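Novice: Need coordinates for the following:
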Amino acid sequence: MSKIIFFIESIRFLLRNKTDLRSWLEKCAIEEKKKIESLNFIFCSDAYLKKINKQYLNHNYNTDIITFPSSPENDKHISGDIYISIDSIKSNAALYNVSLKDELHRVMVHGLLHLCGYNDHSEKEKKQMRKLEDACLARRSWIK
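Specialist: Take a look at the predicted model:
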């Protein structure tokens, strides 16, 4: 059984190239000297993710992604759940004039990088996160 599992919750969405995505995400983790132990991606709606945001983080607003680690922060093995709002991905893709696939992949690797120990609270951290995202995205040119 794969260490990376994809779930669709409360939306109609088809994720393509799952095997390639798993391989790419594993390579991104290896670049950060991490190994994926167990990783769940849950693709959902804005409403579903807002409910989770409110229930678990006490935030009453929409977001595109929420990452819940289930491994110790400094562990070499990473595991966790990454919730991604497909509604927000579609909106952001249009807003930033990028393809849905590119925006989805950016947000997926963004969640992975959080599990690798990176944050994006300050401007410096945001710049570092964007640089790491770009490096990971450059490695997935073979994914259709």
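Novice: Surely N119 and K126 touch.
Specialist: No. With contact defined as Cβ atoms under 8 Å, N119 does not reach K126; the gap is 9.0 Å. Every residue, glycine included, has its C-beta placed from N, CA and C.
Novice: doesn't F68 fall inside a helix?
Specialist: No. Note on F68: no helix contains this position according to DSSP: H, G, I helix; E, B strand; the rest coil, which reports strand.
Novice: can you map out the helices along the protein?
Specialist: With helices called from DSSP state H, the chain shows them at 18-31, 46-57, 86-95, 100-115, 123-138.
Novice: Out of the ones you listed, the one nearest P72 is which?
Specialist: Closest to P72 of those is helix 100-115 (Cβ to Cβ; 11.1 Å).
Novice: quick one: buried residues of that closest one?
Specialist: By neighbour count with 16 or more other Cβ atoms under 10 Å, helix 100-115 contains the buried residues 103-115.
Novice: Find the pair from those with maximum spatial separation.
Specialist: In the buried residues of helix 100-115, two members sit farther apart than any others by Cβ to Cβ. They are E103 and L115, at 19.4 Å.
Novice: just to revisit the earlier point, if we take the buried residues of helix 100-115, which one ends up nearest to T63?
Specialist: V107 (10.3 Å).
Novice: wait, which of the helices of the chain is closest to D75?
Specialist: That would be helix 100-115 among the helices of the chain, by Cβ to Cβ, at 9.8 Å.
Novice: so how far is stretch 8-20 off the chain centroid?
Specialist: Remark: stretch 8-20 is offset 13 Å from the chain centroid, using Cα atoms, centre = their mean, to the nearest Å.
Novice: could I get it in CSV with only the CA atoms?
Specialist: This file holds the C-alpha atoms of stretch 8-20, laid out as CSV (Å, rounded to 0.1, in the frame of the first residue of the first chain):
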residue,chain,number,x,y,z
ILE,A,8,-12.0,13.2,-2.2
GLU,A,9,-14.4,14.6,0.4
SER,A,10,-17.7,16.4,-0.4
ILE,A,11,-16.8,17.4,-4.0
ARG,A,12,-16.6,16.1,-7.5
PHE,A,13,-12.9,16.1,-8.4
LEU,A,14,-10.7,13.8,-10.5
LEU,A,15,-7.0,13.7,-9.6
ARG,A,16,-4.9,12.4,-12.4
ASN,A,17,-1.4,10.8,-12.5
LYS,A,18,-1.5,9.7,-8.9
THR,A,19,1.6,7.4,-9.3
ASP,A,20,3.6,10.3,-10.8
